[in-house]
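Trainee: Here is a sequence together with a model predicted from it:
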Protein chains: 2
Amino acid sequence: MKNRIRELRKSAGLSQEEVAKLCKVSRQTINAIENDKYDPTLQLAFNMATVLDTTVDELFINK
Amino acid sequence: MKNRIRELRKSAGLSQEEVAKLCKVSRQTINAIENDKYDPTLQLAFNMATVLDTTVDELFINK
DNA sequence: TTAAAATGTAAAAAGTATTTGACATTTAAT
DNA sequence: ATTAAATGTCAAATACTTTTTACATTTTAA
């Protein structure tokens, strides 16, 4: 599963830590997901999409 | 997290077991998710959306 | 109304996500 | 060049998802 987190996060001018706080998870979690270490839970995927002003289907690329 | 699985599954004329096979998970997993026992992994959410001919954002209701 | 199919449920085990704390490396700004 | 901020990474612990096996209940259809 690929994603467009970095791209959209930078567009929004947010650091990994800021996204983490807004999503109420740790910075390491955001970092790991952004770098494809593992997939987020569905709930976190929705939270990230909301924070990055997009949808789950646009934020994550199912391949 | 609510979902529209039952609704879309019935529309597609599929049983839980058929959806399970198409998603390559157990019938019990589909049953549990459909009944809000827990959320699927993001990967499974995408697989279910594909099988039910919809999107993750339409299939699951983030509340 | 009986049989078959579908659905609901439970417990234990295995697999996966997340946290915390810590430290290293890279990037950005001064 | 130096500092601060941001990012990358690791290991151990905790929490959550999924599987398997098994059985009970409900629904569907003959």
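Mentor: Okay, I see it. Numbering: from 1, shown residues only, chains lettered A, B, ... in the order given.
Trainee: Every contact and neighbour count from this point should use C-alpha atoms.
Mentor: Will do.
Trainee: count of neighbours near A:I5?
Mentor: Residues near A:I5, counting by other Cα atoms under 10 Å in any protein chain shown, number 22.
Trainee: Going along the chain, name the strands of chain A.
Mentor: A:2-3, A:60-61 (DSSP state E).
Trainee: Next, count neighbours for A:N47.
Mentor: The number of residues packed near A:N47 is 20, by other Cα under 10 Å.
Trainee: Which pLDDT does the model give it?
Mentor: At A:N47, the model reports a pLDDT of 96.
Trainee: pretty sure it contacts A:K21?
Mentor: No. Here A:N47 does not reach A:K21: they are 11.0 Å apart, not a contact under Cα atoms under 8 Å.
Trainee: how about the closest residue to chain B within chain A, what does it touch?
Mentor: Per Cα to the nearest Cα, A:L42 is where chain A lies closest to chain B, at 5.0 Å. Contact analysis of A:L42 by Cα atoms under 8 Å, 6 or more residues apart in numbering or on different chains lists B:D39, B:P40, B:T41, B:L42, B:A45.
Trainee: 6 Å instead, please
Mentor: Residues near A:L42 by Cα atoms under 6 Å, 6 or more residues apart in numbering or on different chains: B:T41, B:L42.
Trainee: excluding its backbone neighbours, what's nearest A:N31?
Mentor: A:Q16 (6.5 Å; Cα to Cα, 6 or more residues apart in numbering or on different chains).
Trainee: scratch that, A:L44
Mentor: Going by Cα to Cα, 6+ apart, A:L44 has A:C23 as its nearest residue, at 7.1 Å.
Trainee: go on, A:T29?
Mentor: A:A20 (7.6 Å).
Trainee: surely that neighbour meets A:R27?
Mentor: Yes. With contacts counted by Cα atoms under 6 Å, A:A20 reaches A:R27, the gap being 5.1 Å.
Trainee: would you list every one of the helices in chain A?
Mentor: A:5-11, A:16-23, A:27-34, A:42-51, A:56-59 (DSSP state H).
Trainee: Flag every buried residue along the second one.
Mentor: Within helix A:16-23, the residues scored as buried using 16 or more other Cα atoms under 10 Å in any protein chain shown are A:Q16, A:E17, A:E18, A:V19, A:A20, A:C23.
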